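Asker: Let me see the structure of the following:
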Amino acid sequence: MGDIEYVKSLLTDGGYTCVLSDGGKTFTSRERGVKPLIAFIDSGESFVGFVAADKVVGKAAAMLYALMGVNRLYAHVMTEQAVAVCRRYGIEPSFETLADKVINRKGDGICPMEQAVADTDEPEQAKRAIIAKLKML
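Answerer: You can find the predicted model right below:
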């Protein structure tokens, strides 16, 4: 099992957007949003039992982390819905700031990924909705 303090420090000190580790293997990304999570899932690598650190985790990202099978998740900012998803799927959440929603990059509305998963509580269905939304953007 990975160390949550290790992934938190890599996230902050390495300038990454997300970090995953199982104590042996470590995966990092500097891509924004949920794109790196989709790439990790599509890589065929198993992330079951990994710990993860991310900049911002809303419901969409939390659903993808649940699909990946991580068991601990830290975020600088995490939404209340993301915390609920974590608890539902056995992920131990931790965060610096608890927010009620994720705002889009323009700052004028809700994140489109959050809108895409608003009506689902099933990770595989959430992944399909996120991929469809990414193709539209």
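Asker: Assign Val48 to helix, strand or coil.
Answerer: Recorded secondary structure, Val48: coil (DSSP: H, G, I helix; E, B strand; the rest coil).
Asker: Now do the contacts for the nearest residue to it once chain neighbours are set aside.
Answerer: Distance criterion C-beta to C-beta, 6 or more residues apart in numbering; nearest residue to Val48, sequence neighbours excluded, is Gly69 at 3.6 Å. Backbone N, C-alpha and C define where each C-beta goes, glycine included. By C-beta atoms under 8 Å, 6 or more residues apart in numbering, the contact list for Gly69 reads Ser46, Phe47, Val48, Gly49, Phe50.
Asker: repeat that for 10 Å
Answerer: Listed by C-beta atoms under 10 Å, 6 or more residues apart in numbering, the contact set of Gly69 reads Ser46, Phe47, Val48, Gly49, Phe50, Tyr89, Gly90, Ile91, Pro123.
Asker: Tell me which other helices or strands the longest helix belonging to the chain touches.
Answerer: Counting residues, the longest helix found in the chain (DSSP state H) is helix 123-136. When contacts are defined as 3 or more C-beta pairs under 10 Å, 6 or more residues apart in numbering; DSSP states H and E, helix 123-136 sits against helix 35-42, helix 59-68, helix 80-88, helix 112-116.
Asker: in stretch 37-52, what's buried?
Answerer: Across stretch 37-52, burial judged by 16 or more other C-beta atoms under 10 Å covers Leu37, Ile38, Phe40, Ile41, Phe47, Phe50, Val51, Ala52.
Asker: if I look at the third one, how far off is Ile103?
Answerer: Same thing as Phe40. Plainly put, Phe40 is 24 Å away from Ile103 if you go by C-beta to C-beta, to the nearest Å.
Asker: Give me the pLDDT value at the most far-flung residue of the chain relative to its centre.
Answerer: Centroid-distance maximum for the chain: Asp108 at 22.0 Å, with C-alpha atoms, centre = their mean. pLDDT, Asp108: 95.
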